[in-house]
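Chemist: A structural model of the following input is requested.
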Amino acid sequence: MTNTLTTQKGRIHSIETCGTVDGPGIRYVIFTQGCPLRCLYCHNPDCRHPEDGKEVTVDELITDIQKYKSYMKFSGGGVTVTGGEPLMQPEFVAEIFRRCQELEIHTTLDTSGYVNLATAKPVLKYVDLVLLDIKSFDKKTYQQVTQVSLEPTLNFARYLNVINQPAWIRFVLVPNLTDASNNINGLAKFISQLNNIERVEILPFHKMGEYKWKQLRYDYKLKNTPSASPELVNKAKAIFQEYSIEVY
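Modeler: Numbering: from 1, shown residues only. Coordinates of the predicted model:
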């Protein structure tokens, strides 16, 4: 298939050329600028504002991506677009993925799912895998964590199931915030009713991004929250496993 050039532009925060935690294999990870959520534990708070970051063209990104194609192919990796929230720049992200698929490069979208489905559908045409972050299943907790409503994310998850889009669910385990058994049970039950979910990834809460909050003079409300212990992680894993969900 011929690789066609484009003048499509977007704003990104940064790039990680050999990522290993945002999808399978070795991945070229693009962090887009702009996010509608205000997660209490966000480790990229400098991605919030869509006008920040730097402007790049899809052509520039594809030229750079191709330098790492052998590493991605050998490891079963590919390109991941994360953020921020990639679906705030749908045309830009769709074009990145379209060009990647022309080059037979695996594409992964990392998203909160907080989006209108009409906006997401054109992007999903070029996505091989979705990493869907569901911060909480309890609506009040979700609102507390993100400052937005849970329902758009659940609608997005249901749509992925309808189109049989392969997806991994990501859940950040925060002591005394998202770790309630009824919250995890609710999420596990919801996921168990979907047929497209390949795995759940439990991400233990950490404070590695706290220094960014200080630099930006944001109020980091979780400064006294401990990291998620191995015991707490194992307890959460056990709940998902009760629903026969593959969990990492």
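
Chemist: residue contacts, the residue positioned nearest the centre of the chain?
Modeler: Here the mean C-alpha position of the chain is nearest to the C-alpha of D110 (C-alpha atoms, centre = their mean), at a distance of 2.7 Å. Neighbouring residues of D110 by C-beta atoms under 8 Å, 6 or more residues apart in numbering: 22-23, 80-83, 86, 130-131, 133, 170. Quick note: C-beta positions are derived from backbone N, CA and C, even for glycine.

Chemist: mind giving me CSV with those residues and columns for neighbour count and secondary structure?
Modeler: CSV is the format used below for those (neighbours: other C-beta atoms under 10 Å; DSSP: H, G, I helix; E, B strand; the rest coil):
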residue, neighbour count, secondary structure
D22, 21, coil
G23, 25, coil
T80, 24, strand
V81, 30, strand
T82, 24, strand
G83, 24, coil
P86, 30, helix
V130, 25, strand
L131, 17, strand
D133, 22, strand
R170, 20, strand
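
Chemist: Closest to H106 out of the residues you listed?
Modeler: For the contacts of D110, the closest approach to H106 (C-beta to C-beta) belongs to G23, at 7.7 Å.

Chemist: how many other residues sit next to the closest residue to the closest one other than its chain neighbours?
Modeler: Nearest non-adjacent residue to G23, counting by C-beta to C-beta, 6 or more residues apart in numbering: T108, 3.8 Å away. Around T108 there are 25 other residues, counting by other C-beta atoms under 10 Å.

Chemist: and if you look at the one 10 residues further on?
Modeler: In terms of burial, A118 registers 8 neighbours under the definition other C-beta under 10 Å.
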